[in-house]
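Asks: Model the structure of this input:
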Amino acid sequence: MTLQHDNATSHTARSVRDYLQDRNVSVLPWPAKSPNLNPIAHIWDLLDRRLRARAIPPRNVRELAGALVEELGNISQQELANLVQSMRRRCTAVHKAAGDHTRYCYF
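Replies: The predicted structure follows:
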């Protein structure tokens, strides 16, 4: 299994690295602080917006987990394809911005 994260300090702590190594999880090399290039960050943002838009928000961890699974299943193949297809534009924008934030960065 391979994990991708953004090299945030909390993700690169020795305890996290040891945990992943003990479970034979490799980490995909990725530039530090690169949310513009991280497609999964945009999926999390989409899920967050969909959960916040629910008429009845999750009231506990169990309901939250169920709602996340449900909303994840509601993401269309077209939405995922659009995200993948945007990667060339994202890389170009990050290059032009010399690694700084771009319009693709959601925060």
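
Asks: rest of the way, CA atoms for contacts and neighbours
Replies: Will do.

Asks: And the lowest-mean-pLDDT helix or strand in the chain, what's buried?
Replies: When the helices and strands of the chain are scored by mean pLDDT, DSSP states H and E, helix 9-12 comes last with a mean of 82. The neighbour-count check on helix 9-12 (16 or more other Cα atoms under 10 Å) flags nothing as buried.

Asks: Tell me the buried residues in the helix or strand following that helix?
Replies: Following helix 9-12 in sequence order, the next helix or strand is helix 14-22 (DSSP states H and E). For helix 14-22, the neighbour count (16+ other Cα under 10 Å) marks residue 20 as buried.

Asks: Repeat that for stretch 93-101.
Replies: Taking 16+ other Cα under 10 Å as the criterion, stretch 93-101 shows 93, 94, 101 as buried.

Asks: Next, the last one: secondary structure please.
Replies: This means residue 101. At residue 101 the chain is in coil, as set by DSSP: H, G, I helix; E, B strand; the rest coil.
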